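> would you be able to build a 3D model of this:
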Amino acid sequence: MSLPLLISAITALLAGPADTTRGVMGITTPTVKSTPVTGIRSRVVADSIVVEKGRRTLTLYQAGFPVRSYGIALGKVPQGDKVQKGDGRTPEGLFYIDSRNPASKYHRALHISYPDVAHRARANALGVEVGGDVMIHGLPKGYEKFGAQHREWDWTEGCVAVTNEEIEEIWSAIPDGAPIQIKP
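Residues are numbered from 1 along each chain as shown. Next up, the predicted model:
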């Protein structure tokens, strides 16, 4: 380092903060005004749902990233796509959340847009009633005490069941019109 450069650097250091701040004018540093709270569950926000029947999971996604997963119970006949009313199967395909029932006998329920055009066409070709009322819901009155144990068997008529606490979280996280993909 040359002598003039060294003298300049020493002078700048000895000059104090008033001289050194001129070079960084316009740069601001954010200040934390409060300490983050820990130990309190934050509100989940999601824009889509993926149900994986084989894994028995329902996962909420936001902008393509998973934000929360839940264990589920399915229809009494979990393998295969729903073909007709009463077959006990949970449908497979791409649907959307088209309505809500806050007074459902299964605590709360998010209605899935089943049947779609393809399911209707297949049912018509087979001469059977396609069915409907497929939902994501909680547990029926009197069965809340089972909690997560309800997942030990598939008991719905073709719906996706979670605990009452989980449907509350899903209910507030997911907007109407959100896509839901149900995979085998």
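> contacts and neighbour counts: CA atoms only from here.
Fine.
> what segments of the protein are helices?
All helices of the chain, identified by DSSP state H, fall at 3-15, 17-20, 117-126, 164-173.
> which stretch in the ones you listed is the model least sure about?
In terms of average pLDDT, helix 17-20 trails the rest of those, at a mean of 52.
> centroid-nearest residue for this structure?
The chain has residue 60 as the residue nearest its centroid, 1.7 Å off, counting by Cα atoms, centre = their mean.
> remind me, longest strand of this protein?
What stands out as the longest strand in the chain, according to DSSP state E, is strand 93-101.
> name the helices or strands packed onto that one?
strand 109-112, strand 179-183 (3 or more Cα pairs under 8 Å, 6 or more residues apart in numbering; DSSP states H and E).
> so of those, which one's packed in deepest?
Compared across the helices and strands packed on strand 93-101, strand 109-112 shows the largest average neighbour count, a mean of 24 (mean count of other Cα atoms under 10 Å).
> how far is that strand from where the chain is centred?
Taking Cα atoms, centre = their mean, to the nearest Å, one finds the center of strand 109-112 at 14 Å from the center of the full chain.
> show me where the protein dips below the pLDDT cut-off.
Applying pLDDT under 70 to the chain flags the ranges 1-42.
> one more pass at 90, please.
Scanning the chain for pLDDT under 90 picks out 1-44, 132, 141-147.
> tell me the contacts of residue 116?
Neighbour list for residue 116: residue 95 [criterion: Cα atoms under 8 Å, 6 or more residues apart in numbering].
> switch to numbering from 705
Fine by me, first position is 705 from now on; the one you just mentioned is residue 820.
> what about it, distance to residue 840?
Note on residue 820: its distance to residue 840, by Cα to Cα, to the nearest Å, is 17 Å.
> who's in contact with stretch 871-885?
With contacts defined as Cα under 8 Å, 6+ apart, stretch 871-885 is touched by 747-755, 764, 796-803, 812-814, 816, 840-842.
> mind listing what residue 751 touches?
Neighbours of residue 751 in contact, by Cα under 8 Å, 6+ apart: 764, 765, 766, 767, 877, 878, 879, 882, 883.
> excluding chain neighbours, what is closest to the third one?
Same thing as residue 766. residue 750 (4.5 Å; Cα to Cα, 6 or more residues apart in numbering).
> which ones are touching that neighbour?
Residue 750 touches 764, 765, 766, 767, 771, 877, 878, 879, counting by Cα under 8 Å, 6+ apart.
> okay, and which of these map to strands?
Per DSSP E, those map to strands at 764, 765, 766, 771.
> and the buried ones among the residues you listed, selectable in PyMOL?
To isolate the buried members of the ones in strands among the contacts of residue 750 in PyMOL, using 16 or more other Cα atoms under 10 Å:
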select buried, resi 764+765+766
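> closest to residue 827 among the ones in strands among the contacts of residue 750?
Closest approach to residue 827 among these (Cα to Cα): residue 764, at 30.0 Å.
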